[in-house]
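Trainee: Turn this into a model:
(one chain, ligands or ions: 1)
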Amino acid sequence: MTAAYVALEGGHVIEGRGRSPGTARGELVFTTAYTGYEESLTDPSYEEQVLTFSYPLIGNYGVREERFEDDRVHPRAALAKEFTDEVVAWLESEGVPAVDHLDTREIVTDIRDGGAMKCGIAVGEDVTEEDALEQLEQCKTMSEHTDIGAQVSVEEPVVHGADNAGPDVALVDCGAKGSIVDSLLARDATVHVLPYDASEADVDAIDPDVLFISNGPGDPANYEEAISLVRAFVEDTPVAGICLGQQIVAEALGGTTEKMAFGHRGVNQPVLDLESGRVVMTTQNHGYTVDDPGDHLEVTQINVNDDTPEGLDGLEYDVITRQYHPEANPGPEDTLDFFDDVLAMVPAQKTTAVPADD
Ligand SMILES: NC(=O)CC[C@H](N)C(=O)O
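Mentor: Prediction:
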C-alpha cells in the first residue's frame with residue numbers, strides 16, 4: 001500500500017491510503033456535495049485549497065470532460081473516504097495527490113471546530129509523517145496568496161460569441177467557471193473575458209453593456225484592480241458579480257468582507273429571497289462573506305442556515321450580485337434566472353440593432 005499522511009494545523013497527522021502520489025499543501029476545506037466531483041475539482045475557486053469530500057464515494061459515474069469547469073484540476077489535493085480508480089487515474093494524470101480510506105467524518109469535525117485550516121500532504125512509497133509536516137510548515141494562509149488571480153485568470157482578453165446580437169458583457173476573469181460564460185452565451189450575449197488585473201482602458205476599449213466580476217479563489221481584498229474597476233464604472237455601467245464577484249463589488253462600494261469559520265461548500269444550501277419569500281437550493285463554494293454591504297448596496301437574499309448575505313442590489317446604481325453559484329454545475333438549477341436579471345439591467349435601446357430615428 002502506498003503511504004499517505006495528512007498533517008493538520010496544530011500538528012495532528014492522519015494516515016490514509018495513498019491513491020495518487022505527490023506532496024501538497026493548502027487550506028483544508030470540505031464540500032458536502034454528493035454529486036458534481038468533476039465540476040468541483042475543475043472549479044478555479046479551489047486553487048490553493050485541499051478539498052475533502054464528505055460524501056463517502058467519489059467517482060461512481062466516471063470522468064467526462066464536458067462536465068469540467070476549466071481545463072485543469074485546481075485543488076492542490078483531494079481527500080475522500082473512497083475514490084474510484086477512474087477518478088484516481090484522472091487526478092494522477094494531473095499530478096494531484098489523492099488520499100482515501102480516511103475517516104472524513106473526523107476531518108470535517110476538525111474543520112467545523114477549528115475552521116478551515118492549513119494542511120500538508122505526502123503520498124508515495126517512501127514518504128513519512130515528517131514529509132507531510134514539512135509541507136504544513138510551508139503552507140501559507142489564504143490571505144497571504146496576494147496575487148492568486150494570476151494563477152487562474154486568462155493572460156490576454158478572449159472574446160466568446162462575437163456574432164451574438166445581445167449585450168456586450170465584460171467578464172473580469174478572477175478564475176471564472178466555464179458555465180458562467182456558457183450561461184451568458186445561451187442568452188445571446190457577447191462575452192469579453194478580461195484578465196483579473198484589467199485596466200480601465202481595457203474595459204473602455206470594449207464599452208460594455210455590463211461589467212461582470214467572476215468567481216475566484218482567495219481573499220477578495222487582494223483583488224485591488226477589480227475593486228478599482230467597479231468603482232470606476234458603476235455610475236455609468238451596470239455591474240454584476242458572482243461569489244468572489246459579490247465580495248469585490250461590496251469592497252468597492254464601501255462594504256467590508258470577512259473570513260468565515262469554514263464557509264459554505266455544497267449543493268443544497270438554502271437561500272431566502274427577502275422580497276418574494278421564496279427559498280431556493282443553491283450550489284456554493286466560498287470561505288469569505290460580505291460582512292457589511294455599506295451604504296450603496298442592500299441585502300436582497302440571505303442564507304437560511306446562518307443569515308449571511310447571498311444577494312445584493314445597488315441602491316442608486318444598477319448592481320446585482322450573488323454569493324452562491326446561479327450557474328449551478330454542479331447543483332440545482334433553481335437560480336439560472338439570475339442571468340436574465342443581469343441582462344435586463346441593459347437599457348432596451350442597447351440591445352436592439354436599429355436605433356430609433358429621433
Ligand atoms: N467561489 C468563489 O468565488 C469563492 C470566493 C472566495 N474566494 C471565497 O472563498 O469566499
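Trainee: drop to CA atoms for contacts and neighbour counts, all remaining ones
Mentor: OK.
Trainee: Just checking stretch 224-236 against the ligand, any contact.
Mentor: No. Using Cα under 6 Å from any ligand atom, stretch 224-236 stays clear of the ligand, with a minimum separation of 13.4 Å.
Trainee: I figured Leu211 hits Val169, correct?
Mentor: Yes. Using Cα atoms under 8 Å, Leu211 makes contact with Val169 at a distance of 6.1 Å.
Trainee: residues shared between the contacts of these two?
Mentor: Residues touching both Leu211 and Val169 (Cα atoms under 8 Å, 6 or more residues apart in numbering): there are none.
Trainee: just for the stretch 201-350 of the chain, where's the confidence low?
Mentor: 349-350 (pLDDT under 70).
Trainee: 90 instead?
Mentor: Within the stretch 201-350 of the chain, the stretches with pLDDT under 90 are 331, 347-350.
Trainee: For the stretch 101-250 of the chain, which residues are neighbours of the ligand?
Mentor: So far as Cα under 6 Å from any ligand atom goes, the stretch 101-250 of the chain lies against the ligand at 215-219, 243-244.
Trainee: what do you get if the cut-off is 8 Å, keeping everything else the same?
Mentor: Neighbours of the ligand within the stretch 101-250 of the chain, by Cα under 8 Å from any ligand atom: 175, 214-220, 242-245, 247.
Trainee: Report all helices and strands that the top strand by length along the chain contacts.
Mentor: Taking DSSP state E as the criterion, the chain has its longest strand at strand 256-273. The contact analysis (3 or more Cα pairs under 8 Å, 6 or more residues apart in numbering; DSSP states H and E) places strand 256-273 against strand 22-31, helix 104-114, helix 244-252, strand 279-292, strand 297-303.
Trainee: if we can go back for a sec, among the residues of the stretch 101-250 of the chain next to the ligand, which one lies nearest to Val342?
Mentor: Val342 has its nearest neighbour among these in Ile242, at 10.9 Å by Cα to Cα.
Trainee: if I pick the closest one, what's in contact with it?
Mentor: 213-215, 321-326.
Trainee: In strands, which of those residues fall?
Mentor: 213, 321-322.
Trainee: Domain parsing of the chain, as residue ranges.
Mentor: What automatic domain parsing lists as the domains of the chain is 3-140, 149-351.
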